[in-house]
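*Asks:* sequence plus predicted model, see below.
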Number of protein chains: 4
Amino acid sequence: MHTLDQLNTMPPGEFVVALDGVFEHAPWVAEAAADQRPFGTVTALHAAMMAAVEAQSEDVSLSFLRGHPPLSPKALAEPGLTASSRAEQGGLGMSSLGEALERFEANSAAYEAKFGIPFIVCVRRQTPPFVLRGLERRLANTPEQERAAALAEIGHITRLRLVDRVTGQGMPKISGHLSAHVLDTARGKAAEGIRMQLFREGVLILEAITNHDGRSDAPLLSGEPLRIGRYELRFHVEDYYAGWPNVTDPPWYDVIPIRFGVSDPEGHYHIPLLLGSWTYTTYRGS
Amino acid sequence: MHTLDQLNTMPPGEFVVALDGVFEHAPWVAEAAADQRPFGTVTALHAAMMAAVEAQSEDVSLSFLRGHPPLSPKALAEPGLTASSRAEQGGLGMSSLGEALERFEANSAAYEAKFGIPFIVCVRRQTPPFVLRGLERRLANTPEQERAAALAEIGHITRLRLVDRVTGQGMPKISGHLSAHVLDTARGKAAEGIRMQLFREGVLILEAITNHDGRSDAPLLSGEPLRIGRYELRFHVEDYYAGWPNVTDPPWYDVIPIRFGVSDPEGHYHIPLLLGSWTYTTYRGS
Amino acid sequence: MHTLDQLNTMPPGEFVVALDGVFEHAPWVAEAAADQRPFGTVTALHAAMMAAVEAQSEDVSLSFLRGHPPLSPKALAEPGLTASSRAEQGGLGMSSLGEALERFEANSAAYEAKFGIPFIVCVRRQTPPFVLRGLERRLANTPEQERAAALAEIGHITRLRLVDRVTGQGMPKISGHLSAHVLDTARGKAAEGIRMQLFREGVLILEAITNHDGRSDAPLLSGEPLRIGRYELRFHVEDYYAGWPNVTDPPWYDVIPIRFGVSDPEGHYHIPLLLGSWTYTTYRGS
Amino acid sequence: MHTLDQLNTMPPGEFVVALDGVFEHAPWVAEAAADQRPFGTVTALHAAMMAAVEAQSEDVSLSFLRGHPPLSPKALAEPGLTASSRAEQGGLGMSSLGEALERFEANSAAYEAKFGIPFIVCVRRQTPPFVLRGLERRLANTPEQERAAALAEIGHITRLRLVDRVTGQGMPKISGHLSAHVLDTARGKAAEGIRMQLFREGVLILEAITNHDGRSDAPLLSGEPLRIGRYELRFHVEDYYAGWPNVTDPPWYDVIPIRFGVSDPEGHYHIPLLLGSWTYTTYRGS
């Protein structure tokens, strides 16, 4: 971890070493940026590095893109993979695709055959079904559109890697936010003690309990990109209205599932639940 | 009151007398329709009479339109007014416009000066502010647009008058419907015993109490056109949650006013109130 | 199938044969009722039969209860089971309990050991998890409480069997009702073309599409008891707001699941969904 | 205006002068508190002054209460009224009671006849109708209950007066909070540009426009007690959905009035409006 100040003042060679691997197998990106120091913000540093990539001829650009590892569970087993790529792909968990994984592999091969580059996507911003969907959509692109799409993903990948290496002024926005709030509209106060379970693409990723303010003590998700995909938040209210007038057995509501889609990994998402004993309302909150 | 069968079979002269006044000062309309009998529906009879009007030359048509009385509180006092016109204008109550009545009279004069006909509107489908608004909008019309607009209003006026005179198959749709429903979402059942007050353009026009089904025993409005205008339905809930947990003094909600606009006099309007102790939801119901 | 009139007038012997099996292995019940004919309603006939059972001494009553088959997947394979019992137990599907089935069998044996009668429950009003829950609760009863509980279930079982055999005036209430309604509060009209899937205890039991009135063409469930248990209705809205302002990809809502509990098999349940593009509200409707 | 530090360290005589009038015509209250200095918080100072009052014998206590001016529009014209009382009563505006003012005067006389003290209430926490209602309720008290009630009001009055004079650590809580929020659930974002009008007991007290965050730039009310009474917040949405699909003329909603009761002058009140084009929801927010 370096500070932006350190990066701004160290010798060029050290600078290149410090940023090694932010751009995969491409030390020339950091070399180009070294000359433009000092940078006022980390965002400006990232922009300068991206500009160095975009300034290349088509040939160099393709060669750079070709230097990226394929996205595949098999690739995880190969020795040449960088540590960053290994961690990123491991966190994604493509093998959860199950049978669709074969479809992904086939489309991936078709992609490489068509465009001459591996399929590149910032996996830290994705869930596996949306990686697959993105691949299938991008297969229809022209080579020109696709080079632009791949570079945009390089931008996302490297922004995240840079934030892992550098602290300082003007950090790029890389994190989303997900929170929830339960209001008891039958009692006129925040609903405390309700267990929440958050699922992403069918996988339970965390649990929390509402506090006296009707919220989880910490945001449900924050500090990193929200993976594009479908989420479900389940509110366990089975005991919440025990003893309330007219409560039935089983209760009218026991678990309230709210499914929602995350389309913006850096977005702010808030899930309010206005809970009455025989009704509820939810909406995209702010 | 005649049946359609009677009208279909009576001598032409009697037919014309029976429909006297449906079209103001224009027995020739009924005469033209008499030849086309029998009519299968009352709607078809009305359509034939309107067709007879529309078939006239511009001159005759203007002369027919000129035969209508001006819409004005003063006109109510004049001896030449037909009983139908007197009743229709009396039910509208233009004098409730207060100071705006002068503006109406001035615009009405400007209208007559511009178009050479009195301002004609089916007052049974209107509230006074919307009569005034309609006049001001129609003042901007071309003479051609305006003759069409006046004839459309003649259609509305005569449809209502015909329905007052004839019963039979295929009655034209002339009535709207307004109802309300209160559901107690805190107790999970219909809310009984809630007093409702209905205001139209600020004037209280009726009161009702919700029954054990959460509705008024009869529709709030039905059997006639709903006058175009702004309505307010007030639900008196001040005592409804007495004794409920956390009830405050004064209660959080005492009167719940819901304002809504009626744009379609023959439309179906339903006002649901989902009432919790600390929340409510309303929507245009179906 | 007989009419009540036929049952009222046939010779006693035929009457007993006609009602054979309504009360399991107990022709004496019909014999006792035969003497009290004619019955004005099917409900009265059933009440008379139940009264005959309840009039018995404790010994006869226990012996009658002992005549019922055990509730168990194994019992389904045994030759002595009546056709009614076979159909009823088959429709319940206790084997869906999976691992909990062993717990059920063990508790069932404990029940029989404690009370000297098989565990009797009207399975047509139940889902397997609630059969198990009911067994575990009833195990804690005193013998007296339990004999009353078993007789109450006999009442439910035989009421349903009687309705399968007899038509006529005053049929007992044996059926519940489940319906749904989707209102598009962003467009101000019923939401058409939305696919609904109904799950009961995790099992998909039917699908339907909302019509132009926002409802399924027929009630989702009707004509029979609603099995006590937990239900989930899923509304597939993924394409409903395509092209709407600000729609995201994936959309904010794709599937809206509403989970609810049915506690009253003969009850009326209505699930409204007030659907906006970024909000929804549901409640127990009426 | 003094700081708490200044009050803690000034000579006793100055201290009494500085707090002159906080307790009406009762310098002995400040004298008693002077001996207990220093106070760590303004709340503690107030508590000490109240304790001095409560420590008095019944006779002195009554004599102290008798020293308070009557609450009455007429009293405003009398020369003996302190500036504080004049400002407080002036801000209340009892004359807005109209015809009910006579009832107030009569009950006020009955109160003084029964209890031998003027009717004392902290008018800065009240609206006129609730002052009247409070008077009528308190008339039914026993003298003992009523002395306690009057002293509680003295506590409220003097707490507010003290806060006007002193700043420092541990200020007593004297202010409530009222805010509103409009969320556009049809577009999925905060609703900007909506004019809000706030009425208290039928009187317009302020207007505000929602900003890009759907809120007024400043809280609607804050920094002082919210007067106990009935409020109405009107949201002017007539133009908000212009151009939206299916918008009618007049629009379905033009003004959305929300009436609510304030029972706790120091409470936090939040009025959310979840606004769709054909629905809205409100609740007591947090």
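*Replies:* Perfect, thanks for sending it.

*Asks:* residues in contact with the closest residue to residue A:173 other than its chain neighbours?
*Replies:* Spatial nearest neighbour of residue A:173, chain neighbours left out: residue A:266 (5.3 Å); criterion: CB to CB, 6 or more residues apart in numbering or on different chains. C-beta coordinates here come from the backbone N, C-alpha and C atoms, glycine included. Shown in contact with residue A:266 (CB atoms under 8 Å, 6 or more residues apart in numbering or on different chains): A:173, A:174, A:175, A:176, A:225, A:226.

*Asks:* got it, and residue A:128?
*Replies:* So residue A:128 contacts A:92, A:93, A:94, A:96, A:97, A:201 (CB under 8 Å, 6+ apart).

*Asks:* and what of residue A:56?
*Replies:* Contacts of residue A:56 by CB under 8 Å, 6+ apart are residue A:64.

*Asks:* before we move on, the earlier item: how about the contacts of residue A:128 in TSV, adding pLDDT and distance to residue A:31?
*Replies:* Formatted as TSV, the contacts of residue A:128 follow (pLDDT from 0 to 100; distance: CB to CB, whole Å):
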residue	pLDDT	distance to residue A:31
A:92	88	30
A:93	85	35
A:94	86	33
A:96	87	39
A:97	89	38
A:201	96	40
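
*Asks:* buried only: go through the residues you listed for me.
*Replies:* A:92, A:94, A:97, A:201 (16 or more other CB atoms under 10 Å in any protein chain shown).

*Asks:* what comes into contact with stretch A:11-26?
*Replies:* In contact with stretch A:11-26 (CB under 8 Å, 6+ apart) are residues A:2, A:6-7, A:10, A:27, A:29-31, A:33-35, A:37, A:49, A:53, A:64, A:67-69, A:82-85, A:154, A:158, A:161-162, A:165.

*Asks:* list only buried entries from the residues you listed.
*Replies:* A:2, A:7, A:10, A:29-30, A:33-34, A:49, A:53, A:64, A:68-69, A:84-85, A:154, A:158, A:161-162, A:165.

*Asks:* ok, residue A:270 touching residue A:260?
*Replies:* No: the pair residue A:270 / residue A:260 is not scored as a contact, 10.5 Å apart, by CB atoms under 8 Å.

*Asks:* intersection of neighbour lists for these two?
*Replies:* Contacts common to residue A:270 and residue A:260, judged by CB under 8 Å, 6+ apart, are residue A:284.

*Asks:* between the two, which is the more surrounded one?
*Replies:* residue A:260 (21 against 16; other CB atoms under 10 Å in any protein chain shown).

*Asks:* mind checking how far the more buried one is from chain C?
*Replies:* 6 Å (CB to the nearest CB, to the nearest Å).

*Asks:* cool, residue A:104 as well?
*Replies:* Going from residue A:104 to chain C by CB to the nearest CB gives 18 Å.

*Asks:* that residue is in what secondary structure piece?
*Replies:* helix A:100-115 (DSSP states H and E).

*Asks:* ok, residue A:51 next?
*Replies:* Counting by DSSP H and E, residue A:51 is found in helix A:42-54.

*Asks:* for the following helix or strand past that helix, give the mean pLDDT please.
*Replies:* From helix A:42-54 onward toward the C-terminus, using DSSP H and E, the following helix or strand is helix A:58-66. Helix A:58-66 carries an average pLDDT of 90.

*Asks:* quick one on the thing from earlier: just put the buried ones among the contacts of residue A:128 in a markdown table and tack on secondary structure and distance to residue D:184.
*Replies:* A markdown table is the format used below for those (DSSP: H, G, I helix; E, B strand; the rest coil; distance: CB to CB, whole Å):
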| residue | secondary structure | distance to residue D:184 |
| --- | --- | --- |
| A:92 | helix | 35 |
| A:94 | helix | 38 |
| A:97 | helix | 37 |
| A:201 | coil | 29 |
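
*Asks:* identify the farthest-apart pair in the residues you listed.
*Replies:* A:94 and A:201 (11.8 Å; CB to CB).

*Asks:* show me which residues of the stretch 1-150 of chain A are close to chain C?
*Replies:* residue A:130 (CB under 8 Å from any CB of the partner chain).

*Asks:* could you find the closest non-adjacent residue to the residue in the stretch 1-150 of chain A that chain D sits nearest to?
*Replies:* With CB to the nearest CB, the shortest gap between the stretch 1-150 of chain A and chain D falls at residue A:130, namely 20.4 Å. With sequence-adjacent residues excluded and distances taken as CB to CB, 6+ apart, residue A:130 is closest to residue A:228, at 4.7 Å.

*Asks:* need the residues of the stretch 101-250 of chain A near chain B, please.
*Replies:* Going by CB under 8 Å from any CB, the residues of the stretch 101-250 of chain A near chain B are A:185, A:186, A:187, A:188, A:189, A:245, A:246.
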